[in-house]
Every structure is written in C-alpha cells, then in structure tokens.
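Asks: Sequence first, then the predicted structure, then my questions.
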Amino acid sequence: MSKNKTFSYNVAAPKSYAHRLRSKTAISKEVLIVTSYDYFLEKKGLALLLGRYQEIILVPRTVDDDYLMNQTVKPLIEQYDKIHLVTNPQYDSRYHVIYELVVKNNKSIRISTVYDFCENTLKKIYVPDDLEEENPYLPLHLSFDGNVRLLKKIIDFVISIILLLGSLPLWVISALRIRQESSGPVFYQQVRTGLNRATFNCIKFRSMRTDAEANGAVFSKKKDSRVFKYGALMRLTRIDELPQLLNIFRGEISLIGPRPERPVFIESFEEVIPYYNLRHGVKPGITGYAQVMYPYGTGVYDARHKLMFDLYYIKHWSLALEMQIIIRTAVVVFTRKGR
C-alpha cells in the first residue's frame with residue numbers, strides 16, 4: 001500500500017486482491033474504484049489520478065469476489081461519502097455488486113464506463129487486451145479530414161525548414177563523430193510502415209554498430225550495448241532523428257503523428273492488439289502524442305498503451321494539441337530525457 005504519490009506498482013500483474021493507493025494531496029475526498037484496470041492504467045495515469053482522488057482501489061479481474069467485496073470494497077464505501085466507479089459494463093458485471101453496496105449504505109455514487117473515463121480523464125482511447133473485446137466508440141477507420149491534412153502540411157513545411165537550417169552544424173558534427181567512432185555509413189535507412197500501410201525508408205543518423213541486427217530484427221532498449229558513445233548522445237537528445245526531415249520533404253511522414261513502426265513488428269502487434277491497424281489512417285511522425293505521454297518501452301504491453309495515446313491524437317486532433325506535442329518534445333530534447 002502506498003501512502004502518497006510515490007509508489008512502485010506493476011499494473012500489468014494483477015494479484016488475487018484489490019490494491020489501494022492513497023494520496024495526501026488529492027483535490028477531492030472522493031474514492032475511485034476501478035474494475036478491470038490492468039489493461040488501460042499505467043504508472044503515469046495512476047500518478048495523475050492520485051492528484052484528484054483521496055484514495056484509489058484497483059480491482060483486478062482474477063479475484064475472489066466474495067472476499068474482495070466484503071474485505072476491501074465494503075470498508076471503503078463505509079469510509080467515504082462519495083464514490084466514483086469506473087467499469088466496463090459489457091465485460092464486467094461486478095459493478096452491480098458495488099452499486100448495491102453503495103445504495104445500501106446511502107452513499108453518493110457516479111458511474112463511468114472505462115471508455116468515457118479513458119477518453120475524458122486520462123486523454124487516451126481505451127484499447128482492450130482481448131481481441132474479442134470491443135470499444136463501441138471507435139470507428140472502423142480513423143483519419144484526418146482535408147482541412148487538417150492541409151494545416152499539418154503547412155506546419156510540417158514551416159517548422160521543418162526552420163529545424164533544417166538551424167541544425168546544419170549538428171549534421172556536420174554528427175557526420176564527423178560517427179565516422180570517428182564507428183566504421184560504416186553516416187546514415188541508417190530502415191523500412192518503416194506509413195500512411196495506408198505504404199512502406200518507406202526511414203532515414204536516421206546511425207547510432208549503432210553496423211552488425212547491430214546481424215541475428216535479425218530486435219527492439220532497441222535503454223543502455224543498448226550495440227550503441228556507440230556518440231550514438232547514445234544522439235539518441236538521448238534525438239539528434240539521430242534529424243535526417244527524418246528529409247522524409248517529411250518527401251511527403252512520407254509528418255512532424256507529429258504515430259511513430260512509424262517496422263513491418264515485422266506491426267504484423268506481430270496486429271495479432272494480439274485490437275485496433276492497431278487504425279494508426280495507419282494517418283501519416284506517422286518524427287514525434288507524437290504517444291512519445292511525449294508514455295515512457296520509452298518495447299513489447300506488446302507498451303505498444304498497446306502507446307496505441308491508446310495515438311488513437312486519442314487522431315480522434316481529437318486540434319491545433320492546440322499539435323502545439324502542445326511540439327513544446328513537450330522540445331522539453332524532452334533540451335532536458336535530455338530521450339531514449
């Protein structure tokens with residue numbers, strides 16, 4: 001149990017009992033009860049909620065419901081006058097039991113679906129863990145309309161020109177350092193998937209040894225032993241991404257959008273992550289909402305959480321959101337909180 005905002009908790013590993021998180025800085029005396037939380041909540045989301053609710057109870061799916069309700073949920077209901085219940089009514093019927101407990105104790109309750117809660121509070125779209133489970137609020141196709149595409153093209157061109165001219169010294173320095181520290185080409189090209197699943201060669205400054213994938217495609221990771229010294233600095237400051245400005249001028253990617261992924265990884269993700277194909281309805285980007293909202297990670301668990309943010313960006317695009325992502329990316333670069 002955590003007593004304040006500082007906590008260490010793996011939401012990907014549900015236990016046989018509910019977890020309680022408490023906050024000393026909440027702006028509300030309301031208790032938040034979340035059922036089936038393990039597929040959409042992560043550490044940053046929990047930190048956000050701990051600033052709003054005095055206590056949070058996380059109810060895993062694999063539980064002894066009798067014990068859970070009588071030993072965990074019921075005592076909480078008796079302590080608080082206001083309860084906010086977040087549940088998935090299509091796939092989790094336990095909200096009926098919680099609702100009845102609240103009514104019996106004459107407490108105030110508001111109920112949110114997991115779809116509304118994710119979208120309105122956590123600013124991401126709910127993506128279930130199971131391919132059989134659906135989100136009824138997601139269309140079969142997501143894309144930008146003509147006005148948005150035109151505005152993004154203008155933003156891409158103007159900012160890319162500024163970045164290219166302003167970063168020319170870094171191109172020269174990077175070329176020299178790469179040549180000095182690692183034999184091989186300065187640039188690295190890798191096949192990525194773009195708009196409508198079209199593939200293109202994504203251009204970057206090479207940050208790894210030339211034999212980095214001698215045994216096949218693998219995810220990069222923090223403190224990757226394949227990265228040479230200056231390559232690590234480039235990855236930390238995102239300098240290695242600068243050549244992707246050329247991809248923007250070619251019309252293959254945008255400045256902001258879902259991260260362009262490799263076809264081999266997309267195939268595996270689409271086999272297990274619902275709605276993963278929806279991210280191909282827009283051009284990928286050098287940076288994006290998922291990159292600034294979610295920490296660097298690899299694998300299916302991280303890909304699902306990043307997809308939630310990508311889908312929110314596409315569905316709720318605005319000029320304000322675009323500028324927010326640009327500013328957040330600049331903060332990441334200048335504070336060296338890259339990969």
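Replies: All right, it came through fine.

Asks: rest of the way, CA atoms for contacts and neighbours
Replies: Noted.

Asks: give me the number of residues near Y99?
Replies: By other CA atoms under 10 Å, the residues close to Y99 number 17.

Asks: Shouldn't it be within a strand?
Replies: No: assigned with DSSP: H, G, I helix; E, B strand; the rest coil, Y99 falls outside any strand and is helix.

Asks: What's opposite the nearest residue to it once chain neighbours are set aside in the beta bridge?
Replies: Using CA to CA, 6 or more residues apart in numbering and skipping residues adjacent in sequence, the residue nearest Y99 is I109, 7.7 Å away. Legend: beta-bridge partners of I109 under DSSP bridges are I83.

Asks: Please list all residues in contact with I109.
Replies: K82, I83, H84, L85, Y99, V102 (CA atoms under 8 Å, 6 or more residues apart in numbering).

Asks: Now do the same for it: its pLDDT.
Replies: Note on I109: pLDDT of 85.

Asks: Now a ChimeraX select for only the buried ones of the contacts of I109.
Replies: Listed next is the ChimeraX selection for buried residues among these, using 16 or more other CA atoms under 10 Å:
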select :82,83,84,85,99,102
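
Asks: Now the two most distant members of the contacts of I109.
Replies: Across those, the longest distance by CA to CA is 12.2 Å; it joins K82 and Y99.

Asks: Please tell me how far the residue nearest to Y99 sits from S93.
Replies: 17 Å (CA to CA, to the nearest Å).

Asks: cool, and L319?
Replies: According to CA to CA, L319 stands 40 Å off from S93.

Asks: Over to stretch 235-253 now: how far is its first residue from its last?
Replies: Terminal residues of stretch 235-253 are spaced 19 Å apart (CA to CA).

Asks: At the geometric centre of this structure, which residue sits there?
Replies: K306 (2.8 Å; CA atoms, centre = their mean).

Asks: right, and that one touches Y294 too?
Replies: Yes: under the criterion of CA atoms under 8 Å, K306 makes contact with Y294 at 6.6 Å.

Asks: and the residue nearest to the centre of the chain, what is it in contact with?
Replies: A290, Q291, Y294.

Asks: ok, these vs T35, which is closest?
Replies: Nearest to T35 among those, with distances taken as CA to CA, is Y294, at 22.3 Å.

Asks: Now for that closest one, how many residues are close by?
Replies: 16.

Asks: how about it, what does it touch?
Replies: Y294 neighbours (CA under 8 Å, 6+ apart): K44, H305, K306.

Asks: so the first one is in which element?
Replies: When secondary structure is defined using DSSP states H and E, the element that contains K44 is helix 43-50.

Asks: Pull the residues that contact the helix or strand just after that helix.
Replies: Remark: after helix 43-50, the chain's next helix or strand is strand 55-59, criterion DSSP H and E. Contacts of strand 55-59 with the rest of the structure, by CA under 8 Å, 6+ apart, involve 17-23, 29-37, 50, 73.

Asks: avg pLDDT for the longest helix seen in the chain?
Replies: Secondary structure assigned by DSSP state H gives helix 146-181 as the longest helix of the chain. In this model, helix 146-181 carries a mean pLDDT of 94.

Asks: how about that helix: buried residues?
Replies: Result for helix 146-181 [16+ other CA under 10 Å]: buried residues K152, K153, I155, D156, F157, S160, L164, W171, S174, I178.

Asks: In CSV, list those along with distance to E252.
Replies: Formatted as CSV, the buried residues of helix 146-181 follow (distance: CA to CA, whole Å):
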residue, distance to E252
K152, 13
K153, 11
I155, 15
D156, 12
F157, 13
S160, 13
L164, 17
W171, 21
S174, 24
I178, 26
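
Asks: Which secondary structure elements does the host helix or strand of K204 sit against?
Replies: Secondary structure from DSSP H and E places K204 in strand 199-205. Applying 3 or more CA pairs under 8 Å, 6 or more residues apart in numbering; DSSP states H and E, we find strand 199-205 packed against strand 187-193, helix 244-249.

Asks: Let me know which of the ones you listed is tucked in deepest.
Replies: By mean neighbour count, with neighbours taken as mean count of other CA atoms under 10 Å, helix 244-249 ranks first of the helices and strands packed on strand 199-205 at a mean of 20.
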